[in-house]
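Visitor: model this:
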Amino acid sequence: IALIEMGLAEPVIKVGNLDAQRDITDVRDVARAYVALMERGTNATVYNIASGIARTMRSVLEALVARARVRVAIETDPKLLRPIDTPIFFGDAARLRGTAGWRPEIPFEQTLDDLLDYWRRVATAGCASG
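Guide: Prediction:
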C-alpha cells in the first residue's frame, strides 16, 4: 500500500484465500508477554500468546486498504490459492493471563495504523536514499 501510494506499484493487491481466519497480536504486546513470562512464567510450561480473536484475512486487508490514501483494488489470483489451508487458527491465552497477568493492550486498529505508517516511512526513506 505504501508503494502504491507513492506511485511505485500497480494499485492492485493480488491475493489468495482471504476467508482464512487468523489470530493477530501486535508484536509489542508479544514482546511484553515474553518479558512477563521471563519474570513470572513456569519452566517447561506451554503458553499461548494470542488475542483470542480470529479475524478473516479479508477484514484485515480491507481495513488496511481503507486506510490507503489512494484507491487500491483487491484481486484474487488463483495461483496464490493453497491446495490446503487451515480455515481458522486462533489461540487461548488463559494460562498466560493467569500466570503472568498478561493481556493484549494495543487495539487492533492501532496496530494497523502503526504498521501502515511504518511502511510509509520505510518506502519514503528507500526512495530518498536510492
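Visitor: Quick one, grab the pLDDT at the residue nearest to the spatial centre of the chain.
Guide: Central residue of the chain (CA atoms, centre = their mean): Ile24, 5.2 Å from the mean position. For Ile24, the model assigns a pLDDT of 97.
Visitor: For it, which non-adjacent residue is closest in space?
Guide: Arg55 (6.0 Å; CB to CB, 6 or more residues apart in numbering). Backbone N, C-alpha and C define where each C-beta goes, glycine included.
Visitor: follow-up on the earlier one: contacts only, for the residue nearest to the centre of the chain.
Guide: Counting by CB atoms under 8 Å, 6 or more residues apart in numbering, Ile24 makes contact with 51, 53, 55, 60, 108, 111.
Visitor: One more: Glu75?
Guide: Contacts of Glu75 by CB under 8 Å, 6+ apart are 12-15.
Visitor: and if you look at Glu5?
Guide: 68-70, 120, 123.
Visitor: How about Ala123?
Guide: 2-3, 5-6, 8.
Visitor: Neighbour-wise, which one of those leads?
Guide: Comparing the contacts of Ala123 by number of neighbours (other CB atoms under 10 Å), Ala2 comes first, having 20 neighbours.
Visitor: so it makes contact with Cys127?
Guide: No - assessed by CB atoms under 8 Å, Ala2 is found out of contact with Cys127, at 10.2 Å.
Visitor: and Ile74, that one's in a strand?
Guide: Yes - counting by DSSP: H, G, I helix; E, B strand; the rest coil, Ile74 is located in a strand.
Visitor: Pull the number of nearby residues for it.
Guide: Ile74: 13 neighbours (other CB under 10 Å).
Visitor: same thing with Glu105?
Guide: If we define neighbours as other CB under 10 Å, then Glu105 has 10 of them.
Visitor: So how do I select the buried members of the contacts of Ile24 in PyMOL?
Guide: Buried members of the contacts of Ile24, defined by 16 or more other CB atoms under 10 Å, are picked up in PyMOL with:
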select buried, resi 51+55+60+108+111
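Visitor: would you list the contacts of Ile24 in JSON lines and tack on secondary structure?
Guide: Listed next are the contacts of Ile24 as JSON lines, based on three-state DSSP:
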{"residue": "Ser51", "secondary structure": "coil"}
{"residue": "Ile53", "secondary structure": "coil"}
{"residue": "Arg55", "secondary structure": "strand"}
{"residue": "Val60", "secondary structure": "helix"}
{"residue": "Phe108", "secondary structure": "helix"}
{"residue": "Thr111", "secondary structure": "helix"}
